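Visitor: would you be able to build a 3D model of this:
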Amino acid sequence: MNLPYQFNPYMLSMLVSAGFAGTLCLYVWRYRTAPGALPFVVLLLTSMLWGIASALELAATDPSIAIFWAKMQAVPQVVVGTAAFCFTLDYVGFGKWLNRTSLILLAIPPLILALLILTNDAPSLVWTRVWFDRYVHLSRGPAILAAASYVMVLSLLALGVWTMLLFRWRLHRWLVGGIFLVMVTVRIANLLDLLNLNPIAPLNLTILAIDLSCLVYFIALYRFQFFDVTPIARATALEQTTEGMMVLDRQNRIAELNPAVQMILGVSLRHALGQEAKRVLSAWPNLVERLDTPTPTQVEIQAGAEPIQYYNAHLLPLVSPRGFQLGRLLLFHDISELKRAHLRLVEQQRVMATLAERERLARELHDTLVQATASIRMQAETTNQLLTQGETAAVRTNLGRIADAAQEMHLDLREYLFGMPAPLATDQSFFVALRNYLAQFEQRWMIPTQLRVPAELEQRGLGTMVEAQILRIVQEALSNVRKHASAHHVEVIFEREAMQVQLIIQDDGRGFDPAQLAVPNARGFGTRSMRERAQAIGGRFEMQSPPGKGTRVIVNIPGDK
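Guide: Just a heads-up that it's a prediction; the model follows:
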């Protein structure tokens, strides 16, 4: 009994090809929602069926069966070429072109070819001659040549798209180049089959070329997660994002940067790649000095002329899954609008604080002047009476007191109005203004002063409203030191404690009895002013002054103020 099929060593390679394509098809099906995945599944599935048909042709012992399977392989060739074209368009981001109309148009040629083959081959239109001498031989007619030309046009278009991607995607350019080469190899193999120049007949050269392409796709899938994030999408995101991105290698050389960074830095990709980051980023020394920081860090930088652009530069380590340091990622986040809004808010707060300060200053001056002028008036009336009585010595004493009171009032006015240039109306930072005032105080009154403040707090600041009140509290406290303490040394200390900032102003003077605060004198008015200012910023005021052991003014300020 003659069986229609028998084992043929040549069929093994075709079956292996079919199995490889089928296995890859099952794996890709997991990513069917990714761009390009479904056309790729069709390509692999058709390649698998093509390999099975070729194996059945080689195993057939009946010439009519072998010729049937040989003819049926014409349709998969067209379907594979069409699917490869659709895969390319969808994968690189042109999937919008694959609408219902275009897909129907692309499906028409393989359907026509299938109908011609199934309807008795349309004599002389599909094949001009068919014969069998151990293996099937086919002379292709106009329909086959037209279908082959159609596939060749689609292949050239696909190769053009991959060529574009080859020059645009630098991250794994060699991988794109590999895909480009295997597509060229498949087309060359198919052309040799069409011209009956197959050097390994009866094996199907095109199927073996497709095996080679499947091997490349296998590497792309398992090594580079081909369908997880498509390269064109990654490249497009990198190029179109407004966030600047720069990749540094382990030697802090520039390995990659997107157009946004090129615009920020004013450099071109050609001149920046391979350069040392320190050289390219030399305009921002505060950023350069942190390039070797092993942990994530952030630096605010400015770039460009008017209007100045502000960026948060985030430096992040790039670590492999095994824990190896690969390099660093530098991200530039544009905060210009946020920064300008913040500056506008600060300016508004500055104006409001200035107005509030003027109002408070007017009240304090009123209290002080009322008290001082009342004292001078009383001294003048007493002097007038003494003069009437002819007590010249007492008159001279009272006149001295009036002069001292007028001089004290003059000094108080100078301190209030000109003693400390508040940063509300200048570009000085709070702690710079405070240091300048302390230096002037020490030079004028010969009382050594010292400022202690944590570097982090000095850099961060306290906020416009808080700083305005703290400056005046310090001024009032030092005025009391000058008038009453007989101190040899003064310290102004800022401490950061949990959720608050503590200000301590302490001297080594003679101190005083807190009961004296109940008496309406200058010290009482000053203490009340400091307490009110502390309360205005949500703080707590305290004064410690054991007689003979100096005075400590303590202001606790909430940290979120």
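Visitor: name the helix or strand for Val41, please.
Guide: helix 37-59 (DSSP states H and E).
Visitor: C-alpha coordinates for that helix, PDB please?
Guide: Listed in PDB are the C-alpha atoms of helix 37-59, where the atom choice follows Å, rounded to 0.1, in the frame of the first residue of the first chain:
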ATOM      1  CA  ALA A  37       2.000  42.900  17.900                       C
ATOM      2  CA  LEU A  38      -1.100  41.700  16.000                       C
ATOM      3  CA  PRO A  39       0.400  42.100  12.500                       C
ATOM      4  CA  PHE A  40       3.500  40.400  13.800                       C
ATOM      5  CA  VAL A  41       1.400  37.500  15.100                       C
ATOM      6  CA  VAL A  42      -0.200  37.200  11.600                       C
ATOM      7  CA  LEU A  43       3.300  37.200  10.000                       C
ATOM      8  CA  LEU A  44       4.500  34.400  12.300                       C
ATOM      9  CA  LEU A  45       1.400  32.400  12.000                       C
ATOM     10  CA  THR A  46       1.500  32.600   8.200                       C
ATOM     11  CA  SER A  47       5.200  31.700   8.300                       C
ATOM     12  CA  MET A  48       4.400  28.700  10.400                       C
ATOM     13  CA  LEU A  49       1.600  27.600   7.900                       C
ATOM     14  CA  TRP A  50       4.000  28.200   5.000                       C
ATOM     15  CA  GLY A  51       6.700  26.000   6.600                       C
ATOM     16  CA  ILE A  52       4.100  23.200   7.200                       C
ATOM     17  CA  ALA A  53       2.900  23.400   3.500                       C
ATOM     18  CA  SER A  54       6.500  23.300   2.300                       C
ATOM     19  CA  ALA A  55       7.200  20.200   4.500                       C
ATOM     20  CA  LEU A  56       4.100  18.500   3.200                       C
ATOM     21  CA  GLU A  57       5.200  19.200  -0.400                       C
ATOM     22  CA  LEU A  58       8.600  17.600   0.300                       C
ATOM     23  CA  ALA A  59       7.000  14.600   2.000                       C
END
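Visitor: what mean pLDDT does whichever helix or strand comes after that helix get?
Guide: Sequence order places helix 63-72 as the next helix or strand after helix 37-59, per DSSP H and E. For helix 63-72, mean pLDDT is 85.
Visitor: next, the most centrally placed residue in the chain: phi, psi?
Guide: When the chain is reduced to its mean C-alpha position, the closest residue under Cα atoms, centre = their mean turns out to be Leu331, at 4.4 Å. According to degrees, to the nearest 10, the main-chain angles of Leu331 amount to phi -110, psi 140.
Visitor: bridge partners for it, pull those for me.
Guide: Applying DSSP bridges to Leu331 gives these bridge partners: Met245, His314.
Visitor: surely it and Met245 touch.
Guide: Yes. With contact defined as Cβ atoms under 8 Å, Leu331 counts as touching Met245 (5.9 Å). To be clear about C-beta, it is placed using only N, CA and C from the backbone, and glycine gets the same treatment.
Visitor: the residue nearest to the centre of the chain: what's it in contact with?
Guide: Residues in contact with Leu331, defined by Cβ atoms under 8 Å, 6 or more residues apart in numbering, are Glu243, Gly244, Met245, Met246, Ala313, His314, Leu316.
Visitor: write the ChimeraX selection for whichever of these are buried.
Guide: Buried residues within the contacts of Leu331, as defined by 16 or more other Cβ atoms under 10 Å, are selected in ChimeraX through the command that follows:
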select :244,245,246,313
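Visitor: Gln275 versus Met499, what's the distance?
Guide: 46 Å (Cβ to Cβ, to the nearest Å).
Visitor: out of those two, which sits in the more crowded spot?
Guide: Each of Met499 and Gln275 has its neighbours counted (other Cβ atoms under 10 Å); Gln275 has more, 13 against 8.
Visitor: look up the closest residue to that one, ignoring the ones flanking it.
Guide: Of all residues beyond its chain neighbours, the one nearest Gln275 is Ile254 (5.4 Å), with distances taken as Cβ to Cβ, 6 or more residues apart in numbering.
Visitor: name the strands paired with the host helix or strand of that neighbour and say parallel or antiparallel.
Guide: Using DSSP H and E, the element containing Ile254 is strand 254-257. In its sheet, strand 254-257 lies beside strand 244-248 (antiparallel), with partners assigned from DSSP bridges.
Visitor: what lies in contact with the strand it pairs with?
Guide: With Cβ under 8 Å, 6+ apart as the contact definition, strand 244-248 has outside contacts at 238, 254-258, 260-261, 263-264, 277, 291, 311, 318, 327-334.
Visitor: follow-up on the earlier one: buried residues, the helix holding Val41. List them.
Guide: Neighbour counts over helix 37-59 (16+ other Cβ under 10 Å) mark 37-59 as buried.
Visitor: do stretch 142-153 as well
Guide: By neighbour count on 16+ other Cβ under 10 Å, the buried set for stretch 142-153 is Ala143, Ile144, Ala147, Ala148, Tyr150, Val151.
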